[in-house]
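>>> take a look and give me a structure for this.
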Amino acid sequence: MLTQQEHQPEPTWLTIIRLLRWDKPAGRLILMIPALWAVFLAAAGKPPLPLVGVIVLGTLATSAAGCVINDLWDRDIDPQVKRTSSRPLASRALSVKTGIVVALVAMICAGVLALYLNILTFWLCVAAIPVIILYPLAKRVFPVPQLVLSIAWGFGVLISWSAVSCSTTSAPTPCLDTPTWLLWGATVLWTLGFDTVYAMSDREDDQRLGVNSSALFFGNYAAEAVAIFNACTVGLLAWLGVVMQLHLSFWLALAGATITWVWQYTRLRQQDTPTPVYAESFRQNVWIGFVLLVGMITGILSY
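Here you go, the predicted structure:
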């Protein structure tokens, strides 16, 4: 017999929380991490607290909008995949109209926060919008859609870095210098790595539905591709550490990240890898990102 609680429908506000994916913080945090890397490095470890608040709230709003836009694109595909069939738009718990309104509200919130930033940073925020909107389409027409997502992640670095360094100069180009692009490259490659891992759990469904992913593109060599992306991430972060003269704590954090990525590779390359390993590896990357953040902050403050 069903209990009274099981008879009661889910409150609309809680369904919207699920639509925004705020019930699954790992995906929100992993977008926030590169933005925090950038703002702390650009500000030599001491960014203005209001700016940090804007960046945190901005990434939450942007990530929320991106999730809703993705679900709007995929509302007829998600019901055919076990992992996504319970999403509010897929299960028809919310209407398309509600999804559009929620996405617009999230984008407006992000836009209002962007007004706090300088002119170059504001236009970088605007430039990120088409990438966010078109990522779900890329899964249908581009063999490695995770690259589009990675570029969207990279905007977090450019936006945060320029918010610090480009506010004190009238010439926008020099304020995005070598360290900026090293961090941007590391972020793009890191994202390619962890999102390929995420896609590995959906390979059978994606192939059945005709949806592209980097996991399908690299096929039997997906684990090796992830290892190469992570190795290049380590290389770029090490180069960044040399250029910015980061101290011991950064190198310890980078060593810890490297060891974890090597361990993940040994698990991913095994035959018949259990499906939970992919989600576990994805969540581990959140912790790796925060360990690197602490290493960057303490490494740059050690002068």
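>>> burial of residue 215, as a residue count?
Residue 215 has 25 neighbours, counted by other C-beta atoms under 10 Å. The C-beta positions use only the backbone N, C-alpha and C, and glycine is treated the same way.
>>> apart from its chain neighbours, what residue comes closest to it?
Take residue 215 and drop its neighbours on the chain: the residue closest to it by C-beta to C-beta, 6 or more residues apart in numbering is residue 199, 3.9 Å away.
>>> report how many residues lie close to that neighbour.
Neighbour tally, residue 199, other C-beta under 10 Å: 25.
>>> please enumerate the helices of the protein.
For the chain, the helices defined by DSSP state H occupy 4-7, 12-19, 25-42, 49-73, 96-114, 119-141, 145-165, 178-200, 203-209, 214-218, 222-243, 248-268, 276-300.
>>> closest one to residue 86 among those?
Between residue 86 and those, the shortest gap by C-beta to C-beta is with helix 12-19, which sits at 8.3 Å.
>>> what comes up buried for the closest one?
15, 16, 17, 18, 19 (16 or more other C-beta atoms under 10 Å).
>>> show me the contacts for the second one.
When you say that, I think you mean residue 16. 88, 94, 98, 102 (C-beta atoms under 8 Å, 6 or more residues apart in numbering).
>>> for ChimeraX, write the selection for the buried entries among those residues.
Buried subset of these, written as a ChimeraX selection, criterion 16+ other C-beta under 10 Å:
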select :88,94,98,102
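>>> before we move on, the earlier item: can you lay out the helices of the chain as CSV showing mean pLDDT?
CSV is the format used below for the helices of the chain (pLDDT from 0 to 100):
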stretch, mean pLDDT
helix 4-7, 49
helix 12-19, 90
helix 25-42, 92
helix 49-73, 93
helix 96-114, 94
helix 119-141, 91
helix 145-165, 93
helix 178-200, 95
helix 203-209, 88
helix 214-218, 94
helix 222-243, 97
helix 248-268, 96
helix 276-300, 93
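>>> of the ones you listed, which is nearest residue 82?
For the helices of the chain, proximity to residue 82 was assessed by C-beta to C-beta; helix 203-209 is nearest, at 7.6 Å.
>>> just to revisit the earlier point, nearest to residue 83, out of the helices of the chain?
Closest among the helices of the chain, using C-beta to C-beta: helix 203-209, at 7.7 Å.
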